[in-house]
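**Student:** Output the structure for:
(one chain, ligands or ions: 1)
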Amino acid sequence: MNPRLLKEVKSVRMLLGLVVLQGVLSGILIIFQAYDLADIVNRVYLDHQGFVHVEHTIWSLLVIIIARALLTLFGETGALSLATKIQARLRLQLSQRILDAGPLYVNREQTGELVNTVIKGVEDLEPYLARYIPQVAITGLVPTIILIEAFVKDWITGVILLVTIPLIPFFMILIGRQAESKTQKQWEMLSRLSAHFLDVLQGLTTLKLLGQSGHQAQGIERASDEFRRATMASLRIAFLSALVLEMLASLSMAMVAVGIGLRLIPGLISFQTSFFLLVLVPEFYLPWRMLGTRFHDGLNGMEAAKRIFQILDAPPLAESHGTVRLEDVDHPLVFDQVSFRYEDREQSAIEDIRAVVHPHERIAIVGPSGAGKSTLLSLVMGFAQPSQGTIRLGTISLQNLDLLWWRQQISFLTQNPYIFSGTLRDNLLMANPKASEDQLEYALEMSGAMEFVKMLPQGLDTYIDEKGRGLSGGQKQRLAMARAFLKDAPIVLMDEPTANLDPETESILWQYLEKLLENRTALVVAHRLSTARRLDKIWVMNQGRLVQQGTLRELETSHGLYHELTRAYRASSQEGLYAALSQHAKTL
Ligand SMILES: Nc1ncnc2c1ncn2[C@@H]1O[C@H](COP(=O)(O)OP(=O)(O)OP(=O)(O)O)[C@@H](O)[C@H]1O
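**Tutor:** You can find the predicted model right below:
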């Protein structure tokens, strides 16, 4: 068993103990049941005794049957509650883990596959935890008790049982190995199918415009066909296993029956003992047969457990666990030889950045695609730790700061702000749950969102669908800005929030953004030169390095990269800016 899952199971060992105890008690009752049954048949058919003589045995049989039914009921409930307890805890741990790991981790993983693991994977654990695990313990105990009883009653039957039983686990292991690899394949195929489907959903607009939706439908069909084949292959193994177990158990039972029959005719064994043994022997093999079936039912869970613990135990993308909280953030933000490399990349995304952001200074970061601008912001937000060097607030390394506190000091505006399903009010209050109605109104006014919120039928209580469907890009940006005003954090990070908007909306929004940036420290990834010009200083990045920095005037008068950029920008479009930047950087 997966050692990590074992640890989880151990945490509910009391419950597991009760479930196994129920199985064992039920097994012991089977012996009494067989005994009563044999006694009744013996008295009525062989000794021709009347009802009065067997009445108490019939009552005893009835009590045993009812007791076994009750035990089964308790056992089932206990096993299910054992499984749901572990499942609930794993679901919580997984979501916590994914939330803690942050956006860089989620970007790295395939979202569809993650969803599949958290939802279906955890669900698949139920048959494994509730049925297979208790059955392992029951299979170890019940046949042993029956075996001892068989030896006591008739040692020849005992020997036959003892000799035939190892064949069953032997074949189970043999077939089990095959089944495991087939189930692994089945799980991979399902994950691929989920990931593919989610990919298609998220990229539907692009696919439609590229005329690729038909092609993708074929892709889904292919993935689904592969999944079907993998499922059939694992089902074939499960059927084969059931067949082999059934055959082995039947053959063994036949051997016992022949052995008893041969001795019954010459009177070497009594009828009652023979009947008792014949009723009992199938119960000896039953736990093994059930173990086989439950093993196959639980295989998906075993496979899912591997992936679940892979996620839970993956090295964190380095959330820090510092505890330092400062009075305020009016200290320089120092980048001291900062480098960062993504785990699966050879080249560093950030290379030896040395710079200082003074309090209330507003920095524009420019550079071509892939220069490392977003990664730099991620490092500041603590989504990952530098591979080398440190980022410090004054003298304190970000790693030593209490991350929760640090993130409270930061507002982040992106190109595509996320609006959660819920009311507009819910969305705004996320930034400051204690905000008063006045503060909400102020934030809406300051971000220019009031105008359109007023027009909505239910104002702030209007329900917004997933991802802010029904709102324009500019409206979403205004709401994001309102969140930033509400949060009132002293540091603002932006990944140029107006980059996707038309020039007119952009210039209106900037009137509000400038108010937001007043008296705050800001790092703004600028995709437009006009944005860069609005801020105090400009950092020019290329291939992870900070290749130039200074005020607009300094950069314009120096014969550096920025000079090239502005020339290119004036000569053509913003694409020209970045093309020139890349070209220039290569010659540096
Ligand atoms: N999650 C990730 N895993 C692995 N590599 C990544 C990841 N995110 C970014 N990178 C790589 O790191 C480098 C820097 O990327 P980054 O997104 O920081 O650049 P950028 O300057 O913000 O680009 P853009 O302007 O296109 O957003 C790139 O080479 C990119 O491929």
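**Student:** What parts of the stretch 251-400 of the chain come near the ligand?
**Tutor:** 342, 344-345, 349, 367, 369-375 (C-beta under 6 Å from any ligand atom). Where you see a C-beta, it was placed from the backbone N, CA and C, and this is true even at glycine.
**Student:** quick one: least confident of those?
**Tutor:** For those, the model is least confident at residue 344; its pLDDT is 79.
**Student:** Quick check: the farthest pair among the residues of the stretch 251-400 of the chain next to the ligand?
**Tutor:** Maximum pairwise distance in those, criterion C-beta to C-beta, is 22.2 Å, between 344 and 367.
**Student:** who has more neighbours, those two?
**Tutor:** Comparing residue 344 with residue 367 by neighbour count (other C-beta atoms under 10 Å), the higher total belongs to residue 367, at 28 against 6.
**Student:** gap between the more buried one and residue 532?
**Tutor:** 11 Å (C-beta to C-beta, to the nearest Å).
**Student:** do residue 28 as well
**Tutor:** In terms of C-beta to C-beta, residue 28 sits 81 Å off from residue 532.
**Student:** swap in residue 52?
**Tutor:** Using C-beta to C-beta, one obtains 105 Å as the distance from residue 52 to residue 532.
**Student:** cool, and residue 224?
**Tutor:** 49 Å.
**Student:** Which residue of the two possesses the greater neighbour count?
**Tutor:** Each of residue 224 and residue 532 has its neighbours counted (other C-beta under 10 Å); residue 532 has more, 27 against 16.
**Student:** What helix or strand is that one located in?
**Tutor:** Element membership for residue 532, per DSSP states H and E: helix 529-534.
**Student:** Quick one: list the elements packing against whichever helix or strand comes after that helix.
**Tutor:** Using DSSP H and E, the helix or strand that follows helix 529-534 towards the C-terminus is strand 537-542. Here strand 537-542 touches strand 362-366, strand 545-551, helix 552-557, helix 561-571, helix 574-587, going by 3 or more C-beta pairs under 8 Å, 6 or more residues apart in numbering; DSSP states H and E.
**Student:** what about the last one, average pLDDT?
**Tutor:** So that's helix 574-587. Summarised as a single mean, pLDDT over helix 574-587 is 49.
**Student:** which residues does residue 33 contact?
**Tutor:** Counting by C-beta atoms under 8 Å, 6 or more residues apart in numbering, residue 33 touches 61, 64-65, 68, 279.
**Student:** mind redoing it with 6 Å?
**Tutor:** Residues in contact with residue 33 (C-beta atoms under 6 Å, 6 or more residues apart in numbering) are residue 64.
**Student:** tell me, which helix in this protein spans the most residues?
**Tutor:** In terms of residue count, the longest helix belonging to the chain (DSSP state H) is helix 51-108.
**Student:** Show me what that one is packed up against.
**Tutor:** Using 3 or more C-beta pairs under 6 Å, 6 or more residues apart in numbering; DSSP states H and E, the elements in contact with helix 51-108 are helix 13-41, helix 122-126.
**Student:** isn't there a strand covering residue 432?
**Tutor:** No. If the criterion is DSSP: H, G, I helix; E, B strand; the rest coil, then residue 432 is coil and not within a strand.
**Student:** out of the helices and strands packed on helix 51-108, deepest packed?
**Tutor:** Counting by mean count of other C-beta atoms under 10 Å, helix 122-126 has the highest mean neighbour count of the helices and strands packed on helix 51-108, with a mean of 21.
**Student:** Restricting to C-alpha, output that helix in CSV.
**Tutor:** Extracted C-alpha coordinates of helix 122-126, given in CSV (Å, rounded to 0.1, in the frame of the first residue of the first chain):
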residue,chain,number,x,y,z
VAL,A,122,-10.3,11.4,-4.5
GLU,A,123,-13.7,9.8,-5.4
ASP,A,124,-12.0,6.7,-6.7
LEU,A,125,-10.4,6.2,-3.3
GLU,A,126,-13.7,5.2,-1.8
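**Student:** Tell me which other helices or strands the next helix or strand after it touches.
**Tutor:** Downstream of helix 122-126, the first helix or strand assigned by DSSP H and E is helix 133-153. Applying 3+ C-beta pairs under 6 Å, 6+ apart, one finds that helix 133-153 contacts helix 13-41, helix 155-164, helix 271-313.
**Student:** Would you mind pulling the contact partners of helix 133-153?
**Tutor:** 19-20, 23-24, 27, 31, 79, 157-158, 161, 273, 284, 287-288, 290-291, 294.
**Student:** Look at residue 493 and give its secondary structure.
**Tutor:** Under three-state DSSP, residue 493 falls in the strand class.
**Student:** count of neighbours near it?
**Tutor:** Using other C-beta under 10 Å, the number of residues around residue 493 comes to 21.
**Student:** Sticking with residue 239, tell me its helix or strand.
**Tutor:** Per DSSP H and E: helix 213-264 holds residue 239.
**Student:** That helix versus helix 271-313: what angle between them?
**Tutor:** Interaxial angle, helix 213-264 versus helix 271-313 (axes from the mean of the first three to the mean of the last three C-alpha atoms, to 10 degrees): 150 degrees.
**Student:** what's the angle from helix 213-264 to helix 133-153?
**Tutor:** Using the same axes, to 10 degrees: helix 213-264 against helix 133-153 is 10 degrees.
**Student:** So which residues on this protein come close to the ligand?
**Tutor:** Counting by C-beta under 6 Å from any ligand atom, the chain sits next to the ligand at 104, 107-108, 342, 344-345, 349, 367, 369-375.
**Student:** now the helices for the stretch 351-500 of the chain?
**Tutor:** In the stretch 351-500 of the chain, the segments counted as helices under DSSP state H, counting those that start in this stretch are 373-380, 403-408, 424-429, 437-447, 450-455, 473-487.
**Student:** what's the spacing between the longest one and its chain's center?
**Tutor:** A distance of 30 Å separates the C-alpha centroid of helix 473-487 from that of its chain, computed with C-alpha atoms, centre = their mean, to the nearest Å.
**Student:** what do you get for the second one?
**Tutor:** Here helix 403-408 shows a centroid-to-chain-centroid distance of 25 Å under the convention C-alpha atoms, centre = their mean.
**Student:** With the first one instead?
**Tutor:** The gap between the average C-alpha position of helix 373-380 and the chain average comes to 25 Å, counting by C-alpha atoms, centre = their mean.
**Student:** Now that helix: buried residues?
**Tutor:** Buried residues in helix 373-380, counted by 16 or more other C-beta atoms under 10 Å: 373-380.
**Student:** Could you export that helix as PDB, CA atoms only?
**Tutor:** The C-alpha coordinates for helix 373-380 follow below in PDB (Å, rounded to 0.1, in the frame of the first residue of the first chain):
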ATOM      1  CA  LYS A 373       8.900  40.900 -16.400                       C
ATOM      2  CA  SER A 374       6.000  38.800 -15.100                       C
ATOM      3  CA  THR A 375       8.400  36.400 -13.300                       C
ATOM      4  CA  LEU A 376       9.900  39.400 -11.500                       C
ATOM      5  CA  LEU A 377       6.500  40.400 -10.300                       C
ATOM      6  CA  SER A 378       5.800  36.800  -9.200                       C
ATOM      7  CA  LEU A 379       9.000  36.900  -7.100                       C
ATOM      8  CA  VAL A 380       7.900  40.200  -5.500                       C
END
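**Student:** Use 56 as the first number from now on
**Tutor:** Noted, 56 is the first residue going forward, which turns the last one into helix 428-435.
**Student:** For that helix, which outside residues touch it?
**Tutor:** Contact with helix 428-435 is made by 159, 395, 404-405, 420, 422, 439, 548, 580, 596, as judged by C-beta under 6 Å, 6+ apart.
**Student:** what's the angle between that helix and strand 592-597?
**Tutor:** Using the same axes, to 10 degrees: helix 428-435 against strand 592-597 is 110 degrees.
**Student:** where does the stretch 106-255 of the chain have low pLDDT?
**Tutor:** 163-165 (pLDDT under 70).
**Student:** Nearest to the ligand: which residue in it?
**Tutor:** residue 162 (4.1 Å; C-beta to the nearest ligand atom).
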